[in-house]
Structure formats: C-alpha cells, structure tokens
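Enquirer: what follows is a predicted structure for the sequence shown.
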Amino acid sequence: MVGNPEPSSDEELVARARPLLQPADAGERRRALDRFERQAGTGRTTNELQTIVAAAHEGRVDALFVGDAPHPFGTFQPDLGRMEVHPASEAGDEDLVDAAIFHTLRTGGHVFAMEDTSLPLGGGLAALLRY
C-alpha cells in the first residue's frame, strides 16, 4: 500500500499505524497510569463497566485503559442510567466498550490499548475520571 489506503483492511491499517504511534502513546500512557495510581481510592478510578460507560456518556472519563479481552455487548440507557449486559450479542445491542471509547474520545479523553495483565485494577477495562 503506497498512498491510497482504500484497498487495505482495517486490520492492515492498524498494524501499519501502531509502530508510528507507540513511542508517543507509551509516554502518554505512563503519565496517565501515574495519575491513575495517585488517584486510586479517591473515587476517581474504577474498573466497573456500568460506571465507566455512564461516565463516558457524561464526559467524565479523562483516561480509559482498554484491555484485549472480548468486549461485552448489551444496551445502555443514559437517561435512566440502566445497563443490560448480554452473554451474546442480541438485536439492538452495542459493544459497550466501543461505546465508552467513542464517548471518551468525543469529550476529549484519552484511550489507551493495553494487555489485560497490565491494566490497573485488573479486568478488561479501567478509567480515570475527571470528577
């Protein structure tokens, strides 16, 4: 692929972009993890899916750390604060982690992809909240 990325798959584009982003991403990720560690126990860190999805919708996620585990599917109704997680994708479901990523980025937060074993608090997802 030289020039036009249209014939490339999403996976190929990600594979080509990752080495270009890693040096900058590593420094930003380390700084965000340091802030996460300093805020632990203050109510501004969480690995609870519903809290993260709701906070992302509200623009409260400063840094989102996403592991490599499969993402849960379900529904989230922000006006009611109600979430349903399903064992398999059902009609009308969305990828709840992708929704958290989208809303975090939409409101100026940062998203960092990590291996599950490197995530703060364990699990497949963690967030540093603005407030």
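Expert: Perfect, thanks for sending it. All figures in this text were calculated on a predicted structure; none of them were measured in a lab.
Enquirer: and the nearest residue to D93 once chain neighbours are set aside, how many neighbours?
Expert: In space, and not counting its chain neighbours, D93 is closest to F73: 4.3 Å by Cβ to Cβ, 6 or more residues apart in numbering. Every C-beta, even on glycine, is put in place using the N, C-alpha and C of the backbone. Residues within reach of F73, counting by other Cβ atoms under 10 Å, total 19.
Enquirer: and if you look at the one 3 residues further on?
Expert: Other residues lying near F76 total 21 when counted by other Cβ under 10 Å.
Enquirer: what of E28?
Expert: Neighbourhood size, E28 [other Cβ under 10 Å]: 14.
Enquirer: could you do V61 as well?
Expert: Residues near V61, counting by other Cβ under 10 Å, number 28.
Enquirer: again with the one 5 residues further on
Expert: A count of neighbours around V66, defined by other Cβ under 10 Å, yields 22.
Enquirer: which residues touch it?
Expert: The contact partners of V66, taken as Cβ atoms under 8 Å, 6 or more residues apart in numbering, are 97, 101, 111-114, 124-125.
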